[in-house]
Structures are given as structure tokens and as C-alpha cells.
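Peer 1: have a look at this fold, sequence not included:
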């Protein structure tokens, strides 16, 4: 058992410091405003400060980190304009990915998508639904079988991680998102590319509207 655990650690350690930091952002362990201290991050990752410094430079270049009031970087906050731009790109890319999925998804992938939305319908736990929402979107993108699309949306998902909270905090959103997911999956299953893209764009636009409301009501 000990040997297996060590093996798992070795596999995990093959990720670069940059990938480790992206993972911490996506998990919400590094939130907007969090101060990025090289010494603390190096100790947390069990590496020297030099590769951490390089990883922080990459985060800064991607717009995921920004200079704080004190010396050093913090995890970036997303402005209104950035939110608008992000969702405009997301709507276009996810719409296209869903259209491609309608053409290229295998029967096994379609069966999996249907199984996922069916399980979501039976799930009442909000936090679990938040995570399953990410998995469903990721699976639809994978079903596009377009490597460039997959890479672009994977990069976009990291920026989405900067958004505080979840649209699922609005109780009615859980029900409407479920209906929208089912419409997307059924259009993919019917090989209706145009309908699938339209359903995906509607889904992202509805999410954007809720995000705007959340931003307006934030302290």
C-alpha cells in the first residue's frame, strides 16, 4: 500500500509548478485577491522558489495574477469588461464545440452525456451539481474531437475559475440549467448541429445574465 501511495505522489509530482498553481485556482484554493508568496508556495509544492517564480510570471502573463498593493502578485479579480469579453468568447467557442459534438460524438459518448444529465436530475446537493456541471461541459467539449477547440476551452475554463461563487447559488438556476443541459444533449443525440449550437449559446447567455446580476448585487 505504501508503495502505491508513493507511486501516486510521483505521478502527481510530474506536473509543472505552473500546472499545480492552475489546479489550485480551479479548485478555489487560490481565490481572487489571494497574495502569492513565493516562499509559501514553494513550501506547499515542495520545490525551490525559482520554478515557483517562473510559474508566477506565467500566471501574470495570462492575466490570472496581477500586482497587489504590496510587493508581489495576487490572484486577479475579474472586471465587468473582462466578464463580458469572457462570456462572449465562451458563447462562441462552446456553441461551436457543441455543433461539432453533434457531428462527431460516438454512440458511447452520447450515451454517457445522457447518463450524466439523468444523474444530475436525481441529484439535490448543490455543491455536487456545481462540480458535475463542469464535468458535463468538459465532456461535451471532448466529444467535439477537435484538439484546438479542446485546448482553447481548457484555457478559458481557468479564467472562469476566477469568478466568485456559482450561478447555482440562485435556486431557480439549478432547474433551468438542468433543462438547458438536457436540450443540448438531446440535440447532440439527434445529430442536430444547428439546434445544439443554439441550445449551447442560450445556456451560456443565461449564465452570463445571472453573473451580471450577481456582480451588481455584490458588496
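Peer 2: That came in fine, so what should we check first? On a predicted model such as this, the values are computed, not experimentally measured, just so you know.

Peer 1: mind giving me the domain split of this structure?
Peer 2: Following the TED database, the chain resolves into domains at 17-75, 80-217.

Peer 1: and the pLDDT at residue 219?
Peer 2: pLDDT, the model's per-residue confidence, is 66 for residue 219.

Peer 1: again, but for residue 8
Peer 2: The per-residue confidence score, pLDDT, reads 41 for residue 8.

Peer 1: tell me where the protein has strands.
Peer 2: Under the criterion DSSP state E, strands of the chain are mapped to 35-36, 65-67, 73-75.

Peer 1: can you pull out the low-pLDDT segments for this protein?
Peer 2: Scanning the chain with the threshold set as pLDDT under 70 gives 1-13, 219.

Peer 1: where do the helices of it begin and end?
Peer 2: In chain order, the chain shows helices spanning 2-12, 17-26, 38-45, 49-62, 80-104, 107-121, 126-142, 147-160, 171-189, 193-217, with DSSP state H as the criterion.

Peer 1: format the domains of the chain as JSON lines; extra columns: mean neighbour count.
Peer 2: Backbone N, C-alpha and C define where each C-beta goes, glycine included. Compiled in JSON lines, those are given as follows (neighbours: other Cβ atoms under 10 Å):
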{"stretch": "domain 17-75", "mean neighbour count": "15"}
{"stretch": "domain 80-217", "mean neighbour count": "17"}
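
Peer 1: closest one to residue 69 among the helices of the chain?
Peer 2: Closest of those to residue 69 is helix 49-62, at 15.7 Å (criterion: Cβ to Cβ).

Peer 1: now the closest one, how far from the centre of its chain.
Peer 2: The gap between where helix 49-62 is centred and where its chain is centred comes out at 21 Å by Cα atoms, centre = their mean, to the nearest Å.

Peer 1: ok, and what's touching it?
Peer 2: For helix 49-62, the surrounding residues in contact (Cβ atoms under 8 Å, 6 or more residues apart in numbering) are 16-18, 20-21, 36, 38-39, 41-42, 45, 65-66, 73, 158.

Peer 1: what sits against the residue positioned nearest the centre of the chain?
Peer 2: Nearest to the mean C-alpha position of the chain, by Cα atoms, centre = their mean, lies residue 157 at 3.4 Å. In this structure, residue 157 makes contact with 26, 134, 138, judged by Cβ under 8 Å, 6+ apart.

Peer 1: quick check: closest non-adjacent residue to the first one.
Peer 2: Yep, that's residue 26 we're talking about. Counting by Cβ to Cβ, 6 or more residues apart in numbering, residue 26 lies nearest to residue 161, which is 4.6 Å off, once chain neighbours are set aside.

Peer 1: dump the helices of the chain to TSV, plus distance to residue 32.
Peer 2: Converted to TSV, the helices of the chain look like this (distance: least, Cβ to Cβ, whole Å):
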stretch	distance to residue 32
helix 2-12	26
helix 17-26	9
helix 38-45	17
helix 49-62	12
helix 80-104	11
helix 107-121	28
helix 126-142	17
helix 147-160	11
helix 171-189	21
helix 193-217	13
